[in-house]
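Asker: Any chance you can model this:
(chains A and B)
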Number of protein chains: 2
Amino acid sequence: MNHQLSGRHLIDGRWVAAAPADDGAFSSLSPMTGEALAPHFSEATPAEVESALSAARKSFVAVHDLDPRWPAALLEAIAARIESLGDDLLQRGEAETALPRARLTGERARTCSQLRMFAELVREGSWVEAVIDQSDPNRQPLPKPDIRRMLRPRGPVVVFGASNFPFAFGTCGGDTASALAGGNPVIVKGHPSHPGTSELFAIAVSMAIDECKLPPGLFALLQGRQNELSAQLVQHADTQAVGFTGSLRAGRALFDLASRREKPIPVYAEMGSLNPVVILPAAANERAGPIARDLAASLLLGGGQFCTKPGVVFVVGDPERRFADALAQHVQSAPAVTMLNRNLRDTFAERAALISRSNGVIAAVSGKSSGHADQTAVLFETTAEEFLHNPRLHEEAFGPGGIVVQCDSSAQAISCVEALGGNLTGTIHIGKAEDQATVALVLRSLENIVGRIIINGYPTGVEVCHAIVHGGPYPATTDSGTTSVGTAAMRRFVRPLAYQNTPQEILPPALQDDNPLGILRLIDGERTDRRIESPTR
Amino acid sequence: MNHQLSGRHLIDGRWVAAAPADDGAFSSLSPMTGEALAPHFSEATPAEVESALSAARKSFVAVHDLDPRWPAALLEAIAARIESLGDDLLQRGEAETALPRARLTGERARTCSQLRMFAELVREGSWVEAVIDQSDPNRQPLPKPDIRRMLRPRGPVVVFGASNFPFAFGTCGGDTASALAGGNPVIVKGHPSHPGTSELFAIAVSMAIDECKLPPGLFALLQGRQNELSAQLVQHADTQAVGFTGSLRAGRALFDLASRREKPIPVYAEMGSLNPVVILPAAANERAGPIARDLAASLLLGGGQFCTKPGVVFVVGDPERRFADALAQHVQSAPAVTMLNRNLRDTFAERAALISRSNGVIAAVSGKSSGHADQTAVLFETTAEEFLHNPRLHEEAFGPGGIVVQCDSSAQAISCVEALGGNLTGTIHIGKAEDQATVALVLRSLENIVGRIIINGYPTGVEVCHAIVHGGPYPATTDSGTTSVGTAAMRRFVRPLAYQNTPQEILPPALQDDNPLGILRLIDGERTDRRIESPTR
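Answerer: Numbering: from 1, shown residues only, chains lettered A, B, ... in the order given. Predicted coordinates:
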């Protein structure tokens, strides 16, 4: 199969571009060579934003009366169509991101299994959290009404994918999958760093929508690299919610735009994270070597371009420097990586230079930039005192490198944790001989600032499951009440709606007495999949 | 019993006031006479805000290791202490709000039953939504980790109570109850319109905290009427979330402050709502009289000072004006009410004057202002065309009055609904002979903009239960994903936290294998209260 890229936008099922591809256009650049990759991509115009939202609004009306499980078939068809893109997707992904073929093959599997997980959730149906409180006409002093609640879609969702997970957090990634699963139209703003990859995914979605005979306005891909396009999408009156994965600067800008609208909308932005790791004394003593080896692997996985990269390590009691020296050795021996794009590489190199010039910081491993976007790993080391006094060290450096902070005591490590802002994850390494009261205090300090605690493990590798939380207090995300990975991610794009004394024939199926969807519901406080036999009014 | 009011703030269990009560102080004014009611109340200073937050932060640490059901006993003790305030509370409430004794007696019962409902929820324990995905060390290509998730408190919550429900949405109202239930310290900014009522409630909480031997910093009451105090509370670095009930102007101001913080926090503001009612032709034909009678009662309940007041009625097909004339008669014959305060009365009278001067609007019943804060009911009437062309008519007028919009067709009524912003509720009156396709279209138009649909009923009277949604799209609230009434209100003040590969001895009880709290959990996708027997790692 050979998928020809058009460089256009997908709007209401058609590939269009009002602005010619050579006028204000852009290309993706090979991270390996800096060469422009064909074709040129058009920058979406305000009229195209309008068309995409208008089609989304119409499609949202059109799906209202379908069987509420309609997204299941669509999500499954998208997964199948992604698979049938075959090597075209892997080749283009590799050319645009420099991520190795094996990694992208794994990420494709994850992307498709996420889509299928949400399909399964939709088909099962209980995700709507149906709650029924039956009436009691004889209650005193007032009769009790019949009230039933369920989760309903919000409407058109705008998704900004990530550069570092071009598949799993990209055009058909977790945000798109969970928003579609909830029954919302999705408009994806393609990441300018891999527009060809985005177009291939959009081809898959477009074919899947056709196959399922669903309204084409349910999905749009708008390409562009100007801030104005992003702003128009977030500010459009029909946009009901935003999903974003990327930098703190960009995420905050979108959050600010959304908050300042006449009618504010939620922005679920997953942004920067340092992902602190605390190595307690017994752990450092018992397992310095294995921890150093595995932590180096986690730190450098994917070129250090993971939002869960363990970027700061607080080590308590490593007097012979067994841990610190072993970590440095592993980092030193890592080969250079080609980063996702030159801009990220340059930003990382600048951050590294800034850190290396900080008081009391030494470069345990000095990184080097080369080629178009190549970078070798860096490792810094400092003391808890310096770390506490230098807020610059509390910011994420996105790329292959991190900092080890030598702590005299667990109390000092706790002070360092408390000086951090919100994070996606927090890790503790605990030895067999660890002091349990100390462990509890360190755990507590991390609980206050993270979305996920990891014990004796590594934060990279986010399991897609029911229990996962990929979220956390600001600046890890803009809404610590949610997760962007796992089944609970759907909750972001739906809202509760209650029906009072509403006749059976106009209630949504999920709330009807005879439970036609066979879902689990909370009826008068009891969780059950039973039908309601007698008329309640 | 005779509770002496001090006019001071409750901070960390002590009644204090840095600013003397006669310096920058304020009093509540009798809505009946305009007379100042003793005592003077102090305006909380920045240092007092700091003290309250500092005590809250410390108390949050102190309760961390208690049995997680600790809020249950506290909430029950608060309810009992409120009841033992006896007539002092009712007398002061009546003096400060002009709400009749019977209404306040009912509202006290609701306030206490809300507190006990949350206590029961906490005691039962499953509200933490514990989810356990067990490990699979043999999974290929990578072992599956053990991940467990639960909801945890956010930390100090600032609550701004409402003027119109001085008990049920006041100092010990739904926001305070649900925030405490989640395990969060609460700082209440007392409503300046009923500071004595607020102080009495704070006395009850203070005694309850003592009785339960809990840290006094768990609750604070700060009195004041300056915007600066509100801003300091919302902007304080330790404040983690805000609950608010009141006007759109004030709610939006707090939302803007919170969104512009370096670290934004959620503001759950319940604000204005028109609560549209659509009367379809067969309903108007079959039940014009009863609907007019009951709608007038709902419109004027509590002096029209309910956030669920049905402020706009779209009537389709009332050619003989049976409905419109009957409604006007009921409204005309209603006695004057003393509104909650003069400011609200004056704002209402101004809004009414503005509406009456609008093109194509006639005053079916002309209201009159009198006394210090008295107001008779008003009723306006216009056509759908005028309503659609005049956005001024789409704004809430808080007080005893509303507007009837004559519609030529259901399609016109739907256009009017679509012109509205978000609302708490939407009501449809349906007759036996109604056209079902039309009903479905009207329902759909309301579903898009409200949090609760009511069929053949009236929106006032919000049932406190599992299924209720007291929320809705902006401007009804700032977060349509939540509710401020019912058991689900707790969800606002907690966030999910996941634990990966965490040993039993440091896991929170809710997530431990042997389920010591006996709660319902989702284990590997199955909802169960079983223990996990075999070690999972």
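Asker: Run a quick neighbour tally on the nearest residue to residue A:507 once chain neighbours are set aside.
Answerer: Closest residue to residue A:507 apart from its sequence neighbours, by Cβ to Cβ, 6 or more residues apart in numbering or on different chains: residue A:499 at 6.0 Å. No exception for glycine: its C-beta is placed from N, CA and C like everyone else's. By other Cβ atoms under 10 Å in any protein chain shown, the residues close to residue A:499 number 24.
Asker: Would it be right to say that residue A:499 lies in a strand?
Answerer: Yes - applying DSSP: H, G, I helix; E, B strand; the rest coil, one finds residue A:499 inside a strand.
Asker: Run through the bridge partners of residue A:527.
Answerer: Per DSSP bridges, the residues bridged to residue A:527 are residue A:522.
Asker: which stretch of helix or strand covers residue A:187?
Answerer: strand A:186-189 (DSSP states H and E).
Asker: quick one: the helix or strand following that strand to chain centroid distance?
Answerer: Following strand A:186-189 in sequence order, the next helix or strand is helix A:195-211 (DSSP H and E). Distance of helix A:195-211 from its chain centroid, counting by Cα atoms, centre = their mean, to the nearest Å, is 20 Å.
Asker: What helices and strands are in contact with helix A:195-211?
Answerer: strand A:9-11, strand A:26-29, strand A:36-41, helix A:70-84, helix A:87-97, strand A:219-222 (3 or more Cβ pairs under 8 Å, 6 or more residues apart in numbering or on different chains; DSSP states H and E).
Asker: for the ones you listed, which one sits closest to residue B:71?
Answerer: Residue B:71 lies closest, by Cβ to Cβ, to one member of these: helix A:70-84, at 38.1 Å.
Asker: CA atoms only for that closest one, dumped as CSV, please.
Answerer: Extracted C-alpha coordinates of helix A:70-84, given in CSV (Å, rounded to 0.1, in the frame of the first residue of the first chain):
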residue,chain,number,x,y,z
TRP,A,70,-22.0,3.9,18.3
PRO,A,71,-18.4,5.0,19.2
ALA,A,72,-17.4,1.4,19.8
ALA,A,73,-17.5,0.3,16.2
LEU,A,74,-15.8,3.5,15.1
LEU,A,75,-12.9,3.1,17.5
GLU,A,76,-12.4,-0.5,16.4
ALA,A,77,-12.5,0.5,12.8
ILE,A,78,-10.0,3.2,13.4
ALA,A,79,-7.7,0.7,15.1
ALA,A,80,-8.0,-1.7,12.1
ARG,A,81,-7.4,1.1,9.6
ILE,A,82,-4.3,2.2,11.5
GLU,A,83,-3.0,-1.3,11.3
SER,A,84,-3.7,-1.4,7.6
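Asker: That helix: which residues count as buried?
Answerer: Within helix A:70-84, the residues scored as buried using 16 or more other Cβ atoms under 10 Å in any protein chain shown are A:70-82.
Asker: same check, this time on stretch A:458-475
Answerer: Residues of stretch A:458-475 classed as buried by neighbour count (16+ other Cβ under 10 Å): A:458-460, A:462-475.
Asker: Show me where chain A has its helices.
Answerer: With DSSP state H as the criterion, chain A has helices at A:46-62, A:70-84, A:87-97, A:101-124, A:174-181, A:195-211, A:227-235, A:248-259, A:281-300, A:322-332, A:342-356, A:384-389, A:410-419, A:436-447.
Asker: JSON lines for the ones you listed, including mean pLDDT?
Answerer: Below are those laid out as JSON lines (pLDDT from 0 to 100):
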{"stretch": "helix A:46-62", "mean pLDDT": "98"}
{"stretch": "helix A:70-84", "mean pLDDT": "98"}
{"stretch": "helix A:87-97", "mean pLDDT": "97"}
{"stretch": "helix A:101-124", "mean pLDDT": "97"}
{"stretch": "helix A:174-181", "mean pLDDT": "98"}
{"stretch": "helix A:195-211", "mean pLDDT": "98"}
{"stretch": "helix A:227-235", "mean pLDDT": "98"}
{"stretch": "helix A:248-259", "mean pLDDT": "98"}
{"stretch": "helix A:281-300", "mean pLDDT": "98"}
{"stretch": "helix A:322-332", "mean pLDDT": "98"}
{"stretch": "helix A:342-356", "mean pLDDT": "96"}
{"stretch": "helix A:384-389", "mean pLDDT": "97"}
{"stretch": "helix A:410-419", "mean pLDDT": "98"}
{"stretch": "helix A:436-447", "mean pLDDT": "97"}
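Asker: Out of the ones you listed, indicate the one that is most buried.
Answerer: Of the helices of chain A, the one with the most neighbours on average (mean count of other Cβ atoms under 10 Å in any protein chain shown) is helix A:174-181, at a mean of 30.
Asker: how distant is it from the center of its chain?
Answerer: With Cα atoms, centre = their mean, you get 11 Å for helix A:174-181.
Asker: Residues contacting that helix, please?
Answerer: Here helix A:174-181 makes contact (Cβ atoms under 8 Å, 6 or more residues apart in numbering or on different chains) with A:71, A:74-75, A:114-115, A:118-119, A:121-122, A:157, A:159, A:161, A:168-169, A:186, A:188, A:218-219, A:241, A:243-245, A:268, A:484-485, A:489-490, A:492-493.
Asker: switch to 6 Å and redo it
Answerer: A:71, A:114-115, A:118, A:122, A:157, A:159, A:186, A:243, A:484-485, A:489-490, A:493 (Cβ atoms under 6 Å, 6 or more residues apart in numbering or on different chains).
Asker: Also stretch A:118-133?
Answerer: A:69, A:71-72, A:75-76, A:147-151, A:177, A:181, A:487, A:510-511, A:517, A:519-523, B:465-467.
Asker: repeat that for 7 Å
Answerer: Here stretch A:118-133 makes contact (Cβ atoms under 7 Å, 6 or more residues apart in numbering or on different chains) with A:69, A:71-72, A:75-76, A:147-151, A:177-178, A:181, A:487, A:490, A:510-511, A:517, A:519-524, B:465-467.
Asker: ok, now stretch A:326-342?
Answerer: A:29, A:31-32, A:34, A:97-98, A:163-164, A:193, A:288-289, A:292-293, A:295-296, A:300, A:303, A:305, A:345, A:348, A:364-365, A:370, A:372-377, A:379, A:399-400, A:404.
Asker: now the helices of chain A in a markdown table, with distance to residue A:18?
Answerer: Compiled in a markdown table, those are given as follows (distance: least, Cβ to Cβ, whole Å):
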| stretch | distance to residue A:18 |
| --- | --- |
| helix A:46-62 | 6 |
| helix A:70-84 | 27 |
| helix A:87-97 | 24 |
| helix A:101-124 | 30 |
| helix A:174-181 | 24 |
| helix A:195-211 | 17 |
| helix A:227-235 | 13 |
| helix A:248-259 | 23 |
| helix A:281-300 | 43 |
| helix A:322-332 | 49 |
| helix A:342-356 | 27 |
| helix A:384-389 | 51 |
| helix A:410-419 | 50 |
| helix A:436-447 | 50 |
